[in-house]
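Novice: one predicted model, sequence on top.
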Amino acid sequence: MAQPPILSWEGLGLQQGGRWLLGGPEREDIDLHIGPRDRLALIGRNGAGKTTLFRLINDEIEADRGQRKVKQGMRVVVLEQDPDFDGFETLMDWALAGEDAPAEYEVEAIAGQLGIDMTTPSKGASGGERRRAAIARALAQEPDLLLMDEPTNHLDLSAIDWLEDWLTRFKGAFVVISHDRTFLKRLTNATLWLDRGIIRRKDVGFGGYEAWEEQVYAEEARAAEKLDAKLKLEAHWLERGVTARRKRNQGRLEKLWQMRAQRAAMISGGGTAKLKLATEEEFKSKSVIVAENITKSYDGRAVIKPFSLRIQRGDRIGIVGANGAGKTTLLKMLTGELEPDSGSVTISKKLTGVMIDQQRSLMEADTTVRQLLAEGGDWLDVRGNRKHVQAYLKDFLFDPKIVDTKVGILSGGEKSRLLLAREFARKSNLLVLDEPTNDLDLETLDLLQEVIADYDGTVLIVSHDRDFLDRTVTLTLGLDGSGSVDVVAGGYEDWERKRRQPITSKAKSSSTKKKPDKTTQAAVQKQSKPDKLSYKDQRDYELLPARIEELEGAIAKGEQILSDPELYTKDPQKFATISKGLENARAKKDAAEERWLEIAEMVEG
C-alpha cells in the first residue's frame, strides 16, 4: 500500500499579473501530492511558474484558492538558485542566519566534503563557492522534503558527483528543477510537468519524460484537428515545433556519431575499411587552430603540460574538468587570448570568432528586444541572410509579440536565450561557448544543440553539462588537474570511460594471470591489432548506435506502460509480459553498448 503524502496541495490556483498562472476557473484544479520517498523532477518552460510553485510548497506565498496540507513535524528546506548573501561578512555567517539555521558543526562537515571554506568573505565569493555554501546549509538542516532549484549551476563535475551520491543515500523526498538531464535521469523516479497552468504527474523518472511529453502533444494535436480549431493549433506552434525538432535531432545525432568515428580514426592514425581519411595535406589545409607542445604554469604548478592538437574546420570540441583544472587557461591559449609559456599556437587568418559567455548582466534593462537584435528596425542580418526580427524571435522559442518588450522584465532564462539569439546572428566561423547551459530550460537546450549542429564553423565549448556535451561535441579535451590533457573522440561519457579504462585493464590483467579464458584472450588479440577490423566489427560499429537508440525507445515505452499503478491489478499477465520484455531489452542494450565500446576502443587505438 502506498504511504500517505507528507505534503499536498488540493485545488491549487494562483493569479499573477491579472491572469491565472496556476489552475483557475478555466482550467483543471491542481492537486499535488508528495510522498515520503518521492524523487520528483519538476519540468516546465522558463516562466511557467516552477519557482513560484516551490514558494507555494514552502508556504512563502499565499494561493488564491486551494488548501495546503503538511504532515506534522515535516521539515521543508529550499535550495534556492540565487540566494542573497548581502549583509553577511562570510559564507558561514549567511549559513547560520535565520530561525531554522543548522548547527555550525553540521555545516562544516558538509562544507568540508564539498571542498568549500566557509570563512570565505561573501562579497568576493565566486558563483561556485556560493552554490556550495548554499548546498551545505540546505543539507545540514536535515530536511524531510528538499526543494532544489538548479542545484548543479556553477558546480564542477566533482561537486556534482558528490551531490548525486548524497541524494542517492538521502532518506527523505525531494523535488528538483534542473536543466541537467544526466542529473535528472540518475536520480528521479517520477516527473511533475508544469504546462500552461496545470500540473501533470507521471510515476516514471525523467528518462521517460520526453516520450510522455510527445504523446500528450500528439493527443492534443489530434483533438484540435478533429475540432478544426485553427486558433487552438496556432497556440500550439511551440509545442509542435518542439516535437518536430526532436525528430530532426535524431538525424543530427546520427551525423554526430559519424563525425566522432572520423575523428577517432584521425587521432589513432589508422582507419577502418569504410572510413575515408583525408591526406596529410588536406588534413593540414582544414586546420584552423594548431597547438604544438604548448605549456602553462602558475606559481610553479604545471596547469597545462606539453600539449599538441590540430583543430579542424567543423570540429565541435568540449573542454571538461574540475574547477581549477585549467579549462579556461587552455581555452584562452587555443583562441590566442593567452600566450603559452612554451610551444606555439597558430590560428588561421580567416578565423572570425564569437564568444558567448556569462554576459547576460551586461544587457541594458531599458533596451527593447527589437533594439538589441535589429537596432530598432524590423530586419536583421543572420550570418549574412536577411530575416524579419519577429520571425527570428520565433526561431528561438519566443512569442513574436515580445519584440518591443524591455530586456529588464525578462526572466533570467529568457535573457540567456535572447543573448544566444543575438550572438548566433553574427557572421563567424568560430563559436566559443563558456557554460552556455546555465539558466536554460530543456526546450532551449534542444534548440541550442540544433543550432550548434547546423553551425558551419568550428565550436569550442566549456561546460559541466554532461548530457549536453554527449549530444553536441565530436572531440573532448579532458583535464584531471594534473596538467595532462586527454584527447578523446566523443563526449563526456567517452572521456569518463577512458579515465576508468586503466583501472579496468589492470584488474582484467590481474584476473587473467589466475585463470585465462577465451574471452580475455580474444580481447588481447584485438588490442594487439587495433587498426584492423573484421567485416562483422565494421558492420557492428556502423549499425549498433541505431540499435541502441531503438532499444532505448523500447525501454522508455515499456517503463511508461508499467508506470500505470493499476496495471498489475487489471492485467497481471500483461504486467508480467512487459516486465520480462523490459528486462530483455535492458540486457540487450547493455550488451550492444559494451560491444560498440569494444570496437570504438579498437578504432581509437
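Specialist: That came in fine, so what should we check first?
Novice: let's check: the centremost residue of this protein is which one?
Specialist: By C-alpha atoms, centre = their mean, the mean C-alpha position of the chain lies nearest to residue 180, the distance being 3.6 Å.
Novice: now the nearest residue to that residue once chain neighbours are set aside: how far from residue 264?
Specialist: Among residues not flanking residue 180 along the chain, residue 152 sits closest, at 4.7 Å (C-beta to C-beta, 6 or more residues apart in numbering). From N, CA and C alone the C-beta is placed, and that goes for glycine too. Using C-beta to C-beta, to the nearest Å, residue 152 is found at 29 Å from residue 264.
Novice: could you do residue 216 as well?
Specialist: For residue 216, the distance to residue 264 - C-beta to C-beta - is 39 Å.
Novice: need the pLDDT of residue 288.
Specialist: Model confidence at residue 288, expressed as pLDDT, equals 91.
Novice: ok, residue 486 next?
Specialist: Per-residue confidence (pLDDT) for residue 486: 91.
Novice: ditto for residue 204
Specialist: We have a pLDDT of 90 for residue 204.
Novice: make sure it is actually in contact with residue 560.
Specialist: Yes - if you go by C-beta atoms under 8 Å, residue 204 and residue 560 touch, sitting 5.8 Å apart.
Novice: ok, these two, which is more surrounded?
Specialist: residue 204 (22 against 17; other C-beta atoms under 10 Å).
Novice: quick check on that one: phi, psi?
Specialist: phi -140, psi 140 (degrees, to the nearest 10).
Novice: what's the burial count for residue 460?
Specialist: By other C-beta under 10 Å, 24 other residues sit near residue 460.
Novice: for residue 480, give me its contacts.
Specialist: For residue 480, the contact set (C-beta atoms under 8 Å, 6 or more residues apart in numbering) comprises 321-322, 325, 486, 499.
Novice: can you check residue 254 too?
Specialist: With contacts defined as C-beta under 8 Å, 6+ apart, residue 254 is in contact with 545-546.
Novice: quick check, it in a helix?
Specialist: Yes - Residue 254 sits within a helix when classified using DSSP: H, G, I helix; E, B strand; the rest coil.
Novice: number of residues surrounding residue 430?
Specialist: Counted with other C-beta under 10 Å, residue 430 comes out at 22.
Novice: what do you get for the one 10 residues further on?
Specialist: As a burial measure, the neighbour count of residue 440 was computed by other C-beta under 10 Å and equals 22.
Novice: one more: residue 67?
Specialist: Around residue 67 sit 10 other residues, with neighbours defined as other C-beta under 10 Å.
Novice: that one - that's part of a strand, no?
Specialist: Yes - assessed by three-state DSSP, residue 67 belongs to a strand.
Novice: go ahead and confirm it touches residue 9.
Specialist: Yes - between residue 67 and residue 9 there is a contact under C-beta under 8 Å: 7.2 Å.
Novice: after the lowest-mean-pLDDT helix or strand in the chain comes which helix or strand?
Specialist: When the helices and strands of the chain are scored by mean pLDDT, DSSP states H and E, helix 518-528 comes last with a mean of 36. Using DSSP states H and E, the helix or strand that follows helix 518-528 in sequence is helix 535-562.
Novice: now for that following helix, which elements pack on it?
Specialist: helix 209-227, helix 237-268, helix 572-604 (3 or more C-beta pairs under 8 Å, 6 or more residues apart in numbering; DSSP states H and E).
Novice: in a helix, residue 394, correct?
Specialist: Yes - using three-state DSSP, the assignment for residue 394 is a helix.
Novice: how about it, nearest residue that isn't a chain neighbour?
Specialist: Of all residues not flanking residue 394 in the chain, residue 400 sits nearest, at 5.5 Å (C-beta to C-beta, 6+ apart).
Novice: who's in contact with the one you found?
Specialist: Contact analysis of residue 400 by C-beta under 8 Å, 6+ apart lists 390-391, 393-394.
Novice: what subset of those is buried?
Specialist: The neighbour-count test (16 or more other C-beta atoms under 10 Å) marks 390, 393 as buried among those.
Novice: residue 416: which of the contacts of residue 400 is nearest?
Specialist: Comparing the contacts of residue 400 against residue 416 with C-beta to C-beta places residue 393 closest, at 14.6 Å.
Novice: quick one: residues contacting the closest one.
Specialist: Counting by C-beta under 8 Å, 6+ apart, residue 393 has contacts 369, 373, 399-400, 402-403, 421.
Novice: ok, now which ones touch residue 544?
Specialist: Contact analysis of residue 544 by C-beta under 8 Å, 6+ apart lists 592, 595-596, 599.
Novice: so which of those residues comes closest to residue 114?
Specialist: Ranked by distance to residue 114 (C-beta to C-beta), the contacts of residue 544 are led by residue 596 at 35.5 Å.
Novice: can you verify residue 11 is assigned to a helix?
Specialist: No - checked against three-state DSSP, residue 11 lies outside a helix; its state is strand.
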